[in-house]
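Undergrad: Sharing a model that was predicted from the sequence below.
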Amino acid sequence: GEDVEQSLFLSVREGDSSVINCTYTDSSSTYLYWYKQEPGAGLQLLTYIFSNMDMKQDQRLTVLLNKKDKHLSLRIADTQTGDSAIYFCAESHSGGYQKVTFGTGTKLQVIP
Amino acid sequence: ETGVTQTPRHLVMGMTNKKSLKCEQHLGHNAMYWYKQSAKKPLELMFVYSLEERVENNSVPSRFSPECPNSSHLFLHLHTLQPEDSALYLCASSQDRTSVYGYTFGSGTRLTVV
């Protein structure tokens, strides 16, 4: 079945860039997502990318997709303390009903 | 405000109790979901409703019983739960089951079974 893997923890200093990585196994993955979960809250969709794209930029966020290696990354520029949260990678594929598979999440700690 | 509201935020219940979790969305979405989030595990999809009809039941024990009376409301009825059912239960919605633009999640109900 589909599998999405992420490292559990990342620590960066305020003002530095953060890079959160994700690998997935389903070669038919067509849509890939990044969600953010702050303490005591649900998941918030940050951005998504379609598999026919290599990169997507949205303000401080840059998503890179390497389809050959099935690798997705989220870069946060100028990381702020408010970026401290758990970040989830997720994938789904086309063809009828969408079934979304989530990773275990990466906890980002921003040190002031 | 995320657009998806879940109540209660926290719930402590005994193994013999019966309780219900409520989810409400006014986004005009036609699909709603229940997820279970446990520590250090991927989100587990429990149930999917599309246009008030259950379209997926992901091998969830019968002690969890969903109900979708209309496209804006979703319930999860709980009875005779086990301590291992303690988790964060998340409700989500999407435009429809084929939507590729992601889900809107509620803040979740933190359930503790004692």
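TA: Arrived safely, thanks for sending.

Undergrad: So what sits opposite the residue nearest to B:His10 when sequence neighbours are not counted in the bridge?
TA: Of all residues not flanking B:His10 in the chain, B:Arg110 sits nearest, at 4.8 Å (C-beta to C-beta, 6 or more residues apart in numbering or on different chains). For the C-beta atoms, the positions are set from N, CA and C on the backbone; glycine is no exception. B:Arg110 has the following beta-bridge partners by DSSP bridges: B:His10, B:Leu88.

Undergrad: On the three-state scheme, the closest residue to A:Leu10 other than its chain neighbours is what?
TA: Once flanking residues are discounted, A:Leu10 sits nearest to A:Leu108: 5.1 Å by C-beta to C-beta, 6+ apart. Per DSSP: H, G, I helix; E, B strand; the rest coil, the local secondary structure of A:Leu108 is strand.

Undergrad: so what's A:Leu108 up against?
TA: A:10-12, A:18, A:20, A:76, A:79, A:83-87 (C-beta atoms under 8 Å, 6 or more residues apart in numbering or on different chains).

Undergrad: tell me the pLDDT at it?
TA: Predicted confidence (pLDDT) for A:Leu108: 98.

Undergrad: and it, how far is that from B:Tyr49?
TA: Distance, A:Leu108 to B:Tyr49, using C-beta to C-beta, to the nearest Å: 33 Å.

Undergrad: List the neighbouring strands of the lowest-mean-pLDDT helix or strand in chain A plus their orientation.
TA: Here the helix or strand of chain A ranked lowest by mean pLDDT, DSSP states H and E is strand A:101-102, holding a mean of 90. Strand pairing for strand A:101-102, using DSSP bridges, gives strand A:85-92 (antiparallel).

Undergrad: Can you give me the buried ones in the strand it pairs with?
TA: Residues of strand A:85-92 classed as buried: A:85-92 (neighbour count, 16 or more other C-beta atoms under 10 Å in any protein chain shown).

Undergrad: just stretch A:30-45 next, same as before
TA: Here stretch A:30-45 shows A:31-37, A:41-45 as buried, counting by 16+ other C-beta under 10 Å.
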